[in-house]
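> Fold the stuff below for me.
(one chain, ligands or ions: 2)
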Amino acid sequence: AVSRSYSIAAMGADGIGPEVVDAGVQVLSKLASLDGSFQLEFEDYDWSSDTYKKTGQYIPDGGLEKLKKHDAILFGAVGAPDVPDHLSLWGLRLAICQPFQQYANVRPTKIFRGTSSPLRNAEHGDLDWVIIRENSEGEYAGQGGRSHRGQPWETATEVSIFSRHAVQRIMEFAFEIAQKRPRKQLTVVTKSNAQRNGMVLWDEVALEVSKKFSDVKWDKMLVDAMTCRMVLDPKSIDTIVATNLHADILSDLAAALAGSIGIAPTSNLDPTRQNPSMFEPIHGSAFDITGKGVANPVATFWTASEMLAWLGEEEAAKKLMDAVETVTEKGVRTRDLGGSAGTQEVTDAVCAELERVF
Ligand code: NAI
Ligand code: MG
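Ligands and ions are numbered 1, 2, ... in the order given. Here you go, the predicted model:
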């Protein structure tokens, strides 16, 4: 008998989002039916920029209360060519992350077996990082304003917010993740030379929290220097913690260094588990390839694996990742990874590989 059952909200949203989430649901359903020890129930949500254009809102009245009942959210991407990006991002993604207090954004990166990094000296195993991004405040807190609109003397402010509460909880979370990884190593990234208030608070809190994790080796880097280190000395890095903005940028660089933005996942976690966490590929809605059937579903498969691990199905999560890497290694790859396979071909290959290993 199936003892464990999880209710998943599947929200593809815009562009290639629905294509890759559909691929993710196929693979997860196959995995659950082969495994047999847990069950996944998917509920589709059609919240998207189309909904916004029709109704004026991304999330219908009462929508968040409904969404809150699920165990997890599998999200695609939001953003449409004819909606300003700040409206779509704040209307859907941040409108879920912020009230659900998904304050820890986790972004692992590695070079898959059989894929190559644009870095000449980095191979599989040489780049294996987890970036922890503060996901609730900082530069994306939404504070600021605009005066004298349209005038030559127009002024705008974008105020960064750093609270001790939020810095401390993300720092503790990052040290815990670092402690669970084999190298037990954390780099705290700031810009505390130029940003002398909030970033100095980060440094101070990092030092305080580090005392509770004496087995974790940690160091500090300024964000600009960190970009050089990521390119020149990837092996020296393991776990990274940084602000909302800094980690946003560093994680795109990380994904590119690992070979493609089409493979990297993101988890938006509420570590208190009072709200469902949200899992999404790192990439956006990719209008240039929408509807062509060529989107790489691997980022969503890795995302799905991270979701299973968060739900407690670690063994199944690992089997899924192994299957995905095997398929990539065998050469069933989309164009962004130098192959010629389509989204469905890669999805079918992963399902077939799962059948083979079970
Ligand atoms: P993007 O990630 O959508 O695309 C960047 C480039 O990578 C494009 O050339 C695209 O074809 C390629 N790419 C992305 N995902 C791919 C995949 N799975 N397989 C193969 N190739 C892939 O970023 P862009 O173009 O800056 O943004 C497009 C829209 O997506 C914008 O509206 C933006 O605001 C939104 N966006 C949404 C995000 C989210 O919902 N979390 C994250 C990033 C962007
Ligand atoms: Mg980004």
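> other SSEs contacting the helix ranked longest in the chain?
Longest helix of the chain, by residue count under DSSP state H: helix 17-35. In terms of contacts (3 or more C-beta pairs under 8 Å, 6 or more residues apart in numbering; DSSP states H and E), helix 17-35 is packed against strand 4-13, strand 38-44, strand 72-77, helix 298-311, helix 314-330, helix 343-357. For glycine as for every other residue, the C-beta is placed from the backbone atoms N, C-alpha and C.
> Now the longest one: buried residues?
Of the residues in helix 314-330, those buried under the neighbour-count criterion (16 or more other C-beta atoms under 10 Å) are 316, 317, 319, 320, 321, 323, 324, 325, 326, 327, 328.
> what does it contact?
Contact partners of helix 314-330, identified using C-beta atoms under 8 Å, 6 or more residues apart in numbering, comprise 27-28, 31-32, 35, 38, 112-115, 298, 301-302, 304-309, 337, 346, 349-350, 353-354, 357-358.
> Would you mark the buried spots in the longest helix of the chain?
Neighbour-count burial for helix 17-35 flags 17-28, 30-32, 35 (criterion: 16+ other C-beta under 10 Å).
> what does that helix contact?
8, 10-12, 38-40, 42, 48, 74-78, 281, 285, 290-291, 293, 295-297, 299-301, 303-304, 308, 316, 319-320, 343-344, 346-347, 350-351, 354-355, 358.
> which of the contacts of helix 314-330 count as buried?
Buried members of the contacts of helix 314-330, scored by 16+ other C-beta under 10 Å, are 27-28, 31-32, 35, 38, 112, 114-115, 298, 301-302, 304-309, 337, 346, 349-350, 353-354.
> which residues sit in contact with residue 192?
By C-beta under 8 Å, 6+ apart, residue 192 lies in contact with 199, 200, 202, 203, 220, 222.
> so what does the helix or strand that contains the second one touch, helix or strand wise?
With elements taken from DSSP states H and E, the one containing residue 200 is helix 198-210. With contacts defined as 3+ C-beta pairs under 8 Å, 6+ apart, the packing partners of helix 198-210 are helix 164-180, strand 185-190, strand 217-222.
> I'd like to know which elements the first one is packed against.
Looking back up the chat, that one is helix 164-180. By 3+ C-beta pairs under 8 Å, 6+ apart, helix 164-180 packs against strand 104-110, strand 128-134, strand 185-190, helix 198-210, strand 239-242.
> Mean neighbour count and distance to ligand 1 for these - can I get that in a markdown table?
Formatted as a markdown table, the helices and strands packed on helix 164-180 follow (neighbours: other C-beta atoms under 10 Å; distance: least, C-beta to the nearest ligand atom, whole Å):
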| stretch | mean neighbour count | distance to ligand 1 |
| --- | --- | --- |
| strand 104-110 | 24 | 10 |
| strand 128-134 | 25 | 12 |
| strand 185-190 | 24 | 20 |
| helix 198-210 | 18 | 24 |
| strand 239-242 | 27 | 17 |
